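Asker: Below are the sequence and a predicted model; questions follow.
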Amino acid sequence: MPRQLLKYVLGRRDFGAEVSVAGWVRTRRDSKSGFSFLELNDGSTLASLQVIADGGLPNYRDEVLRLTTGAAIAVTGELVESPGSGQPVELRARSVTVHGYADPEAYPIQKKQITYERLREIAHLRPRTNTFGAVARVRHALAYATHRFFHERDFLYLHAPIITASDAEGAGQMFRVTTFDPAAPPRDEAGGVDWGEDFFGRPAFLTVSGQLEAETYACALDRVYTFGPTFRAENSNTRRHLAEFWMIEPEMAFADLADDADLAEDYVRCLARYVLDHCGDDLAFFDRRVQPGLVAMLEGVAESAFQRITYTEAIDILEKAETPFEFPVSWGSELQSEHERHLTEVVFGRPVIVTDFPFEIKAFYMRRNDDGRTVAAMDVLVPGIGEIVGGSQREERLDVLMDNARRKGLDLDLYWWYADLRRFGTVPHAGFGLGFERLVQFCTGMQNIRDVIPYPRTPRNAEF
């Protein structure tokens, strides 16, 4: 008969029905009365199903009694009401098929506490733990809710290129893509590497953002969004940074900074509500084991309007704060995580949208305000994480864009196609970027970003 996932079986109450399940053994306990209790989990839910394997099964002595943590089995049996507390149903096995044993001396996932650091070393097995199974399910729910959110608001999903010749941020932290033999690349007359002979006929890199390409499509199709991998060759070993991560980047034509902030607030609130409504068991686990108060915090985000202040107002608040900061605060400086969390957790007690940042600390494509000192940019700050969204109204005036690029030391000739948007039917437009892993951190309470992506890529770490 068809196999059913445990998340459905555990909700059934049609006792006496025949059910087939499969999964991995968490524990086996043997009774003196000649039967065994198997705790089975298939990853579809946090909860496990108790299976009663009777000693009368043909393979009980030769196979069932050899089962240990990590073994993979399939079970068909009768669904019965559980006499024990904490589990409404259990399965009385009529057959147990062993697909694979797990050597207890070698299998590293046992019923004992394992550090996150150790689990990163065995990232191929860590999804079998409660924590990482829950992270994966919440991550899936957030991805699904993202696509639903934008689809319901008439955004088109754009697949931006992963290989690009453009540095969207202008920071130069890009991974090069080449087919050259690093020991013997072709040389030009000056002795430099002749990139004209490479696969693309020019230097190429892994993308840091799909924003610029999204802008071109928004300026033809009104509103689009990207959701894909991005890369930063930044030698940073912190709990907040990855070399490979996923970004969500919507772009809207005929939109200004206020429209951008409204969309970002709606998006973050909508996703908080979605996981609260659809990931209750997993969030309760995180609230109990990882971050006490997580569910209440997400409820507050889902239900409250975000505070909006300018960068100048934020600096004024921080300069007057009694809390000593590790990083000094002054107008023109970047807001650090400690500053962002102070605003959200201490001052306002809710998410904060900060707008109108100094021109000098923001990217060339952000629209310059009339004061000449600031740009129409915004960051969304949330409790526990700090910045989760960064966005802006884009500079639609060609002459100002060219001046911005020169002042930032960029060669706009490399972005001729981007400048064309301002030459041919330019429009006000705006968008933002959200790092998906930070969103997963925010919704799970996980402290290290390396624990919310299946295989983290960080400096000197690409094992799997």
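Answerer: Structure's in. What do you need?
Asker: So Tyr274, which state does it fall into?
Answerer: helix (DSSP: H, G, I helix; E, B strand; the rest coil).
Asker: What is the neighbour count of the closest residue to it other than its chain neighbours?
Answerer: Take Tyr274 and drop its neighbours on the chain: the residue closest to it by C-beta to C-beta, 6 or more residues apart in numbering is Ala145, 4.0 Å away. Every residue, glycine included, has its C-beta placed from N, CA and C. When neighbours are defined as other C-beta atoms under 10 Å, Ala145 has 19 of them.
Asker: Where does Ala145 fall, secondary structure wise?
Answerer: Assessed by DSSP states H and E, Ala145 sits inside helix 130-152.
Asker: For Leu142, give its distance to Gln211.
Answerer: Going from Leu142 to Gln211 by C-beta to C-beta, to the nearest Å gives 21 Å.
Asker: swap in Arg223?
Answerer: 14 Å.
Asker: ok, now Ser85?
Answerer: Using C-beta to C-beta, one gets 53 Å for the distance from Ser85 to Gln211.
Asker: ok, which stretches of the stretch 251-400 of the chain are helices?
Answerer: 257-278, 280-289, 294-303, 311-319, 337-341, 398-407 (DSSP state H, counting those that start in this stretch).
Asker: Now render these as TSV, adding distance to Leu119, mean neighbour count and mean pLDDT.
Answerer: Conversion of those to TSV gives the following (distance: least, C-beta to C-beta, whole Å; neighbours: other C-beta atoms under 10 Å; pLDDT from 0 to 100):
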stretch	distance to Leu119	mean neighbour count	mean pLDDT
helix 257-278	23	19	98
helix 280-289	14	16	98
helix 294-303	20	18	95
helix 311-319	37	18	97
helix 337-341	24	19	94
helix 398-407	45	16	93
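Asker: Relative to Thr444, tell me which of those helices wins on proximity.
Answerer: helix 280-289 (5.0 Å; C-beta to C-beta).
Asker: With just CA atoms, put the closest one into PDB.
Answerer: Extracted C-alpha coordinates of helix 280-289, given in PDB (Å, rounded to 0.1, in the frame of the first residue of the first chain):
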ATOM      1  CA  GLY A 280       3.800  25.900  15.000                       C
ATOM      2  CA  ASP A 281       5.600  22.700  16.200                       C
ATOM      3  CA  ASP A 282       8.900  23.700  14.900                       C
ATOM      4  CA  LEU A 283       8.700  27.300  16.200                       C
ATOM      5  CA  ALA A 284       7.700  25.900  19.600                       C
ATOM      6  CA  PHE A 285      10.800  23.800  19.500                       C
ATOM      7  CA  PHE A 286      13.000  26.800  18.800                       C
ATOM      8  CA  ASP A 287      11.300  28.800  21.500                       C
ATOM      9  CA  ARG A 288      11.900  26.000  24.000                       C
ATOM     10  CA  ARG A 289      15.400  25.000  23.000                       C
END
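Asker: And the contacts of it?
Answerer: 45-47, 130-131, 134, 137-138, 275-276, 293-295, 298, 443-446 (C-beta atoms under 8 Å, 6 or more residues apart in numbering).
Asker: Could you check what's spatially nearest to Glu463, not counting adjacent residues?
Answerer: Nearest residue to Glu463, sequence neighbours excluded (C-beta to C-beta, 6+ apart): Ala123, at 7.5 Å.
Asker: circling back: just the CA atoms of the helix holding Ala145, as CSV, please.
Answerer: Presented in CSV, the C-alpha positions along helix 130-152 are these (Å, rounded to 0.1, in the frame of the first residue of the first chain):
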residue,chain,number,x,y,z
ASN,A,130,15.6,17.8,15.5
THR,A,131,17.2,21.2,15.2
PHE,A,132,18.3,21.0,11.6
GLY,A,133,15.2,19.1,10.4
ALA,A,134,13.2,22.0,11.9
VAL,A,135,15.5,24.6,10.2
ALA,A,136,14.9,22.9,6.9
ARG,A,137,11.2,22.9,7.3
VAL,A,138,11.0,26.5,8.3
ARG,A,139,13.4,27.5,5.4
HIS,A,140,11.1,25.7,3.0
ALA,A,141,8.0,27.4,4.4
LEU,A,142,9.7,30.8,4.0
ALA,A,143,10.7,30.1,0.4
TYR,A,144,7.2,29.0,-0.5
ALA,A,145,5.6,32.0,1.3
THR,A,146,8.0,34.3,-0.6
HIS,A,147,6.9,33.1,-4.0
ARG,A,148,3.2,33.3,-2.9
PHE,A,149,3.6,36.8,-1.5
PHE,A,150,5.1,38.2,-4.7
HIS,A,151,2.8,36.2,-7.0
GLU,A,152,-0.3,37.6,-5.2
